[in-house]
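Participant: What follows is a protein structure lacking sequence information:
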């Protein structure tokens with residue numbers, strides 16, 4: 001078995017990481033690298049690989065398509081965002097295929113393909129969610145569509161860590177539900193989850209709300225207040241609508257994220273706080289940071305592990321199950337029988353644009369459950385949607 005030739009992209013300036021659940025695959029790659037770059041480390045899966053990528057200088061990631069915890073293409077996308085200088089080569093039964101890097105990387109991978117024949121037992125890993133094992137929905141969430149399966153996988157991948165997570169997605173897609181699931185599935189679940197809506201608290205009060213204050217710190221401070229951040233000690237702080245923070249408050253939040261220390265208003269005392277931070281935004285924070293409307297250093301701190309929630313129109317397989325779930329919840333609250341959806345009503349729900357996403361669907365079903373009075377079936381005539389000026393009825397889609 002010949003050694004891997006000297007390659008310009010495999011130098012001693014950075015290490016190689018091999019991620020595969022197969023010991024024989026990892027050992028074969030280590031053997032054929034033959035000391036061309038150091039260090040060489042091994043990872044058993046996607047979570048293990050991400051943890052190791054955080055702790056060293058790496059130049060190449062050899063990635064098995066068949067991972068036990070994360071789809072290889074999804075992990076590749078994460079690496080592209082967080083570690084743009086790392087080359088990624090996918091391993092499968094057809095050999096090695098370059099994914100990230102310039103032409104020199106492609107040349108290196110093509111050479112490596114000649115020297116890394118895939119072992120006979122290697123098979124293609126799951127390239128699509130429907131090819132992989134179906135994951136159960138997160139706590140409090142409904143849906144089994146491909147788009148949501150990716151979200152479930154990402155949440156379970158990062159839940160056990162202290163990594164800061166940025167939950168992005170349009171209004172009404174369930175960002176707070178994801179934050180609560182991250183807390184519930186984490187080792188911090190027995191400690192508080194403190195939610196702060198950054199858009200709902202006036203700018204002049206936000207600092208005192210987050211960090212706390214002592215009696216007499218300002219006019220009206222008749223007693224000391226702990227603050228939302230220290231109240232979350234040992235647990236999770238969820239900053240909803242974080243894009244609404246003003247630049248001055250962004251600087252103070254950045255300092256807290258870097259130092260894990262706070263100073264209450266009215267005192268010089270510094271207090272260390274152990275808090276895992278989650279943030280959510282319904283706007284593109286990266287674009288805002290590029291325009292100077294949001295601090296880039298804070299953005300990178302918050303987006304250590306981004307999770308993107310899909311709009312409802314991208315998960316149409318979940319629309320009817322979600323509608324039935326909302327109907328069941330409302331019926332239980334009213335202690336009434338749960339109505340069913342007619343075939344025409346289901347077709348209309350699946351055809352609607354859903355600009356308000358899951359929240360809009362919930363409101364539509366609430367209106368429908370009221371309009372049927374004592375009926376037991378929701379028909380097309382009971383479905384009304386919020387238009388620009390008033391409520392409009394959706395036209396029944398054609399059978400074609």
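Facilitator: That came in fine, so what should we check first? Computed from a predicted model, the values in this text were never measured in an experiment.
Participant: Just confirm residue 140 contacts residue 182, I think it does.
Facilitator: No - assessed by C-beta atoms under 8 Å, residue 140 is found out of contact with residue 182, at 11.4 Å. Where you see a C-beta, it was placed from the backbone N, CA and C, and this is true even at glycine.
Participant: Among these two, which residue is more densely surrounded?
Facilitator: Neighbour count, other C-beta atoms under 10 Å: between residue 140 and residue 182, residue 182 has more, with 30 against 12.
Participant: Quick check: pLDDT value at that one.
Facilitator: Here the pLDDT value assigned to residue 182 is 95.
Participant: And residue 127, by the same measure?
Facilitator: The per-residue pLDDT reported for residue 127 equals 39.
Participant: Next: residue 232.
Facilitator: As predicted, residue 232 sits at a pLDDT of 92.
Participant: Report the contact partners of it.
Facilitator: By C-beta atoms under 8 Å, 6 or more residues apart in numbering, residue 232 lies in contact with 191, 192, 193, 194, 273, 275.
Participant: any idea which of the residues you listed is closest to residue 30?
Facilitator: Ranked by distance to residue 30 (C-beta to C-beta), those are led by residue 275 at 39.4 Å.
Participant: show me what contacts that closest one?
Facilitator: Contact criterion C-beta under 8 Å, 6+ apart gives 229, 232, 233, 234, 235, 236, 237, 260 as the residues in contact with residue 275.
Participant: Show me which of the residues you listed are buried.
Facilitator: For these, a burial check counting by 16 or more other C-beta atoms under 10 Å picks out 229, 232, 233, 235, 236, 237.
Participant: contact partners of the helix or strand containing the last one?
Facilitator: When secondary structure is defined by DSSP states H and E, residue 237 falls within strand 236-240. For strand 236-240, the external contacting residues (C-beta under 8 Å, 6+ apart) are 175-176, 179-180, 182-183, 186, 188, 191-199, 228-229, 245, 253, 275-280.
Participant: Kindly recompute the last result at 7 Å.
Facilitator: Strand 236-240 has contacts (C-beta atoms under 7 Å, 6 or more residues apart in numbering) with 176, 179, 183, 186, 188, 193-198, 228-229, 275-280.
Participant: so the residue nearest the centre of the chain bridges to which residues?
Facilitator: Among the residues of the chain, the one closest to the centroid is residue 307, at 1.8 Å (C-alpha atoms, centre = their mean). Assessed by DSSP bridges, residue 307 has beta-bridge partners residue 167.
Participant: That one reaches residue 154, doesn't it?
Facilitator: Yes - with contact defined as C-beta atoms under 7 Å, residue 307 counts as touching residue 154 (5.0 Å).
Participant: among the contacts of residue 232, which are in strands?
Facilitator: Among the contacts of residue 232, the ones falling in strands (DSSP state E) are 193, 194.
Participant: would you list the contacts of residue 232 in CSV and tack on distance to residue 38 and pLDDT?
Facilitator: As requested, those are exported to CSV (distance: C-beta to C-beta, whole Å; pLDDT from 0 to 100):
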residue, distance to residue 38, pLDDT
191, 41, 93
192, 45, 94
193, 43, 95
194, 44, 95
273, 39, 91
275, 37, 95
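Participant: need the contact list for residue 228.
Facilitator: When contacts are counted by C-beta under 7 Å, 6+ apart, residue 228 touches 194, 196, 209, 210, 237.
Participant: If we use 10 Å, what do you get?
Facilitator: 192, 194-196, 201, 206, 208-212, 237-239, 275 (C-beta atoms under 10 Å, 6 or more residues apart in numbering).
Participant: Show me the strands in the stretch 251-400 of the chain, by range?
Facilitator: Listed in chain order, the strands of the stretch 251-400 of the chain (DSSP state E, counting those that start in this stretch) span 261-263, 270-272, 276-281, 305-308, 340-341, 377-378, 384-386, 391-393.
Participant: Please apply the same query to the stretch 101-250 of the chain.
Facilitator: Taking DSSP E, counting those that start in this stretch as the criterion, the stretch 101-250 of the chain carries its strands at 165-168, 193-197, 236-240.
Participant: List just the nearest of the buried ones among the contacts of residue 275 to residue 51.
Facilitator: So of the buried ones among the contacts of residue 275, ranked by how close each gets to residue 51 (C-beta to C-beta), first place is residue 236, at 19.7 Å.
Participant: what's the closest non-adjacent residue to the closest one?
Facilitator: The shortest distance from residue 236 to any non-neighbouring residue, by C-beta to C-beta, 6 or more residues apart in numbering, is to residue 183 (4.4 Å).
Participant: Which residue, other than its chain neighbours, is closest to residue 171?
Facilitator: residue 282 (4.8 Å).
Participant: quick one, phi/psi of the one you found?
Facilitator: Backbone geometry at residue 282, expressed as degrees, to the nearest 10, gives phi -100, psi 10.
Participant: From residue 242, how far off is it?
Facilitator: With distances taken as C-beta to C-beta, to the nearest Å, residue 282 is found 10 Å from residue 242.
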